[in-house]
Every structure is written in C-alpha cells, then in structure tokens.
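Colleague: Dropping the sequence and predicted coords here.
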Amino acid sequence: MFLPPSRRLRAILASLRMWVVVLITTIFLLVLGVFFFVQGKRVMDQLVRERLMNVASIAAMEFPGEQIMQIRGRMDLERPAYRTLVERMQSIRSEVSDIRNMYIFRRTENPLELEFVVDVDSLQTTTEADRNRNGVIDPEEELSLPGDRYSIADIPVLQREAFEQPSTDDTIIFDQWGATFSGYAPIRTQDGKSVAVLGIDMTAHDYKEFLQAIFSAQSFFLFILGSFLVALFILVSFWRGRAEQMQRLNDERSWLMELVLHQVGTPLTIFKWGVESLQETCKRVGGEEVQEAKENVLLMQDGISRLEHVTDVLLAADKVQTGHFAVHPEDVSLAEVISPIVQAIEPQLKRREQTVQVDVEKGLHISIDRKLLAGVIRELFDNAMIYSPKGGEIAVSGHAHGNMAEISVRDHGSGIPHADLKRIFERFARGSNAGHYDPNGTGIGLFIAKGIVERFGGRITAESTQDKGATITFWLPLK
C-alpha cells in the first residue's frame, strides 16, 4: 500500500516518537537500576556494619574493664592475666572465621593517640610474625605490644565515638594483606565506665569482589543493554497492539463505508431510472400538469445528482485516507489537461458571467494519472467559480520551477478566513463563511485534492485574504 507524503511524514513522526519513548524508558530503567544498585550497596554496607558491630559488642563483653586496667605495659606480657586475654581473643577469632585481627586500645594524654593494651598476635614467635616469609620482621609485620602508641589523627571514629558505642570505620582499608573492615566496641567496668576499646578487623575480600562484580563496566553495559531491550520489547508490543487495533478499525470503517455507499447506490440507480422514465413520458404529453411534472423531475434529477456526488466524494475520500486508490501514471501535458476542463465549465462560466485566464508554460509535462490530475484542477475551478462573484475573473497558471511544476488557481471572491486556513485541507473542513455561498458543500474536495497531489510526491498550499479571494497552489515533479 502506498502512503502519501503527509501520511509518510506522520508515520516518520510516530516512529520518532516511539524511539524517543524507547530512549526515555531506557533512561528511566537505567536510573531506576542505578538507584537500586546504589540502594543495594548502601543496604549491604549497613548489613556488614551491623554484623561487625554486633560481633564487636558481643566480643567486648568477654573482656572486663577491671582486667584491662591491670595491664600497664610490656612488663605484663609474662603475666598469666595477659596470656588469658590473648587466648580469649584467639578463641573468638577461631570461632568467627573472617576475623583477621583483634586488639584493645585505651586513651593516652594525647587525644590523637591511643596505646595498645592487648593484641591477638602479640605472643607470636618471630617465625609466626614473619608473614611474608622473608626471614625478616618488616615494619608492617612488627607485633603490637602493650604501651605501643597508635595515631588516630585520620580515624575520627576512634577519637570519641568508639569509646561510647559500637561503631565502624567509614571505608574499607586496603593493605598488602587484602581488604579489611574495622569495627569497634567500648570495654566497660562493672560500674559502666568506658576504659578501653575493642577493635576487630574483618576481611572484606568477598564483599569487595561482590561489589566489583555488580558495578563492573561489563555489568553496567549489560544492564544498559538489558534496559534498552526491555523498553524496546514493551514499546514494540504496545505499538504492535495499537497498530493492529487501528488496522481493525480502518478495515471496519472501510467495510462500513462501502456497505453504506452500496446500499445508497442501489436505490439511487432505481430513482435515476424512474426519473428518466418520467422525463420520457413528459415529452410525449402536454399540458400545465405535465409542465409541473417536468419541473419536479428536474428537481429530482438535481437531488439524485447531489446524492451521487456525495457518494462519489465519500468513496474517494476513503480511498485517499487508506491510500488504496488506483493510479495509472503517464506522460501528461498540463495544457492538454486544463484546456478540456475550461471547455467543460464554459456553460457555468457564462451563466455566472465569469471569465478564466489561462497562463500555462508550453511543453510542461508531468508524469501523473491524467484523470486524477484533471479531478484536482476541476475541484479548484469549481471552488473558484462557487466563491467568486458574478462577473469575477479566475486565473490558472502553470510554470516550471527547478524540477517541479507549479500550478495555481486564483480567484477574487469571498476568500478563506485566516483562522480556517490551517485546517482547510482536512477532511470535512470548510471555511466558516462557505455556507453563505454553497450550503450543500461537503468539505471533502480539497482533502481529496491534497491526497492526490501528495500521492505523486507533491504538496499543496492555500493563500487567502477574506473578501479578496484565494489562491490554491500545488507542486508536482516534472517528468
């Protein structure tokens, strides 16, 4: 099925709208996905923090504050109480597999420094402390012993919060042994006084790998692609359903139109035969009554003619709307199309005392269906005659401009009100003043003309000043 340019343009705009909706939907899904990813990471962070704080809180209960206060420095390393504290830490670490390190701090006279009280590895041998097995205890491998100072200038949580309530570091710490997440809980005496902080370093390797898997570039790309495909699938399904529904409506409308026109056409044919029979009878009989019958016959003929015209234009409008009208392009001389039309309307011109000025460039040829082109020009002539005053002049011109033929029909009649110009080529559209000149107009003629012109790759426009006339111009590709 061929679509005229206007319908092709509407189809293109509809397609563009669809892709805009796809893009917006994709962006929406992407933003939604990123939101859920970020929200998921936040929830995961919160769960990890809560677990770490719970472990630290429970573990801190295993270390009485009074016992911690008895450890003063390195001289206490050999005391059974110190060994008991270390063994208790090692027991907790063995029960919670992802604990890498445990230690206890207390405050010093410097608010930005703490000192170690107990470290889970402080009783290791030199061999055990050499983690990288290079035979040397490197600075980062040195054991933390009671009384060793530890700067907390870049760890705000240890400056106050950790001594008051369970807490964690803000970020994961990465070092040569991997990623760790640190949590803290206060150690209190029986009277509730906070005297130290238990610190626990838990491995965060699995957590880090999980986040990297979720937020990797590949995952991000796959998510974008998935979002786009989901949006496209939803919209294609929607548009397909809508297209099928519109097609059904069009089919039903076309079928109903054909049915109505067929049902109207049959009685019209009967009426036409009956009127012709009456007309023949009137010719053979005289008298006043017969004269009255002849006048009635003429009125019936006029009514039948109008009904036939209405059915013809409705059928033509339906074919233009659906793009189903048949065409037979041929090499057409514009002058040879206009000349018979002017001759055909000559009786009407004389009755209206109107004249036609023809200015058509010689040798102007168009590849088009001759009957359809003649129908367009005849429609423009009919409108010009109807809306022009008695004695008015109608001008038709045709000239080549580049690779297009420009054909225009101009009159000096009632014109089209400015507010009506933008919709004058729509189906059933008429100027608001048209009823004063042609009460029986259908408002379909220009709609059909536009459909035919656009069917052959042309365009049509209207210019008018009310009470001064109108000019309808259309362009068609030259042969």
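Modeller: Nice, I can see it. No experiment lies behind these values; they were computed from the predicted model shown.

Colleague: And for Ile71, the neighbour number?
Modeller: Each residue near Ile71 was counted by other C-beta atoms under 10 Å, and the total is 22. C-betas here are computed from N, CA, C, even on glycine.

Colleague: Just to be sure, it is in a strand?
Modeller: No: judged by DSSP: H, G, I helix; E, B strand; the rest coil, Ile71 forms no part of a strand; its state is coil.

Colleague: Could you pull out the helices in this structure for me?
Modeller: For the chain, helices defined by DSSP state H occupy the ranges 5-60, 65-69, 80-95, 126-129, 156-159, 205-214, 217-284, 288-322, 334-344, 346-352, 370-386, 418-421, 445-455.

Colleague: ok, of these, where does mean pLDDT dip lowest?
Modeller: Note on the helices of the chain: lowest mean pLDDT is at helix 205-214, with a mean of 54.

Colleague: Arg423 touches Ala429, doesn't it?
Modeller: Yes: Arg423 is in contact with Ala429 according to C-beta atoms under 8 Å; the separation is 4.8 Å.

Colleague: per the record, what domains does the protein have?
Modeller: 41-214, 240-325, 327-479 (automatic domain parsing).

Colleague: what's the closest of the ones you listed to Arg17?
Modeller: Checking these against Arg17 by C-beta to C-beta gives domain 240-325 as the closest, at 11.9 Å.

Colleague: quick one: contacts for Ile99?
Modeller: 55, 92-93, 200-203 (C-beta atoms under 8 Å, 6 or more residues apart in numbering).

Colleague: JSON lines for the residues you listed, including distance to Arg240 and neighbour count?
Modeller: Formatted as JSON lines, those follow (distance: C-beta to C-beta, whole Å; neighbours: other C-beta atoms under 10 Å):
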{"residue": "Val55", "distance to Arg240": "56", "neighbour count": "21"}
{"residue": "Ile92", "distance to Arg240": "63", "neighbour count": "19"}
{"residue": "Arg93", "distance to Arg240": "62", "neighbour count": "18"}
{"residue": "Ile200", "distance to Arg240": "59", "neighbour count": "28"}
{"residue": "Asp201", "distance to Arg240": "58", "neighbour count": "21"}
{"residue": "Met202", "distance to Arg240": "53", "neighbour count": "23"}
{"residue": "Thr203", "distance to Arg240": "53", "neighbour count": "17"}
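
Colleague: for the residues you listed, which one is nearest Gly457?
Modeller: Distance to Gly457 across the contacts of Ile99 (C-beta to C-beta) is lowest for Thr203, with 72.8 Å.

Colleague: Nearest residue to that closest one in space, please, no chain neighbours.
Modeller: Spatial nearest neighbour of Thr203, chain neighbours left out: Asp98 (4.8 Å); criterion: C-beta to C-beta, 6 or more residues apart in numbering.

Colleague: Got the phi and psi for that neighbour?
Modeller: phi -90, psi 10 (degrees, to the nearest 10).

Colleague: Looks like it contacts Met202 (just checking).
Modeller: Yes: counting by C-beta under 8 Å, Asp98 touches Met202, with 5.1 Å between them.

Colleague: Tell me what the residue lying closest to Val157 once chain neighbours are set aside is bridged to.
Modeller: Once flanking residues are discounted, Val157 sits nearest to Ser167: 5.1 Å by C-beta to C-beta, 6+ apart. Assessed by DSSP bridges, Ser167 has beta-bridge partners Tyr184.

Colleague: What does the pLDDT read for Ser167?
Modeller: For Ser167, the pLDDT comes out at 93.

Colleague: tell me the contacts of Phe425?
Modeller: Contact partners of Phe425, counting by C-beta under 8 Å, 6+ apart, are 446-447, 449-450, 460, 462.

Colleague: and the residues you listed, which two are the farthest apart?
Modeller: Maximum pairwise distance among the contacts of Phe425 (C-beta to C-beta): 12.2 Å, between Phe447 and Ala462.

Colleague: So for these two, which residue has more residues nearby?
Modeller: Phe447 (21 against 18).

Colleague: separation between the more buried one and Ala60?
Modeller: As judged by C-beta to C-beta, to the nearest Å, Phe447 and Ala60 stand 86 Å apart.

Colleague: before we move on, what about Leu85?
Modeller: 12 Å.

Colleague: who has more neighbours, those two?
Modeller: Taking other C-beta under 10 Å, Leu85 and Ala60 do not tie; Leu85 has more neighbours (25 against 22).

Colleague: Ala59 is in contact with that one, correct?
Modeller: No: contact criterion C-beta under 8 Å: Leu85 and Ala59 do not qualify, at 11.8 Å.

Colleague: Can you read off the pLDDT for the closest residue to Pro186 other than its chain neighbours?
Modeller: Nearest residue to Pro186, sequence neighbours excluded (C-beta to C-beta, 6+ apart): Ser194, at 4.3 Å. On pLDDT, Ser194 comes in at 93.

Colleague: Please give the number of neighbouring residues around Lys468.
Modeller: Neighbour tally, Lys468, other C-beta under 10 Å: 11.

Colleague: Identify the residues contacting it.
Modeller: Contacts of Lys468 by C-beta under 8 Å, 6+ apart are 412, 415.

Colleague: And for Pro347, the neighbour number?
Modeller: 9.

Colleague: Look at Ile155 and say how many residues are nearby.
Modeller: Ile155 has 17 nearby residues by other C-beta under 10 Å.

Colleague: To clarify, my last question referred to Ser151.
Modeller: With other C-beta under 10 Å as criterion, Ser151 counts 11.

Colleague: Check the one 5 residues further on too.
Modeller: Using other C-beta under 10 Å, Pro156 has 13 other residues around it.

Colleague: How about the one 4 residues further on?
Modeller: Counted with other C-beta under 10 Å, the burial measure for Arg160 works out to 12 neighbours.

Colleague: Please apply the same query to Leu446.
Modeller: Neighbours of Leu446 (other C-beta under 10 Å): 22.

Colleague: Pull up the gap between it and Thr473, please.
Modeller: For Leu446, the distance to Thr473 - C-beta to C-beta - is 12 Å.

Colleague: same deal with Met385?
Modeller: Relative to Thr473, and taking C-beta to C-beta, Met385 is found at 18 Å.

Colleague: who's more crowded, those two?
Modeller: Met385 (19 against 16).
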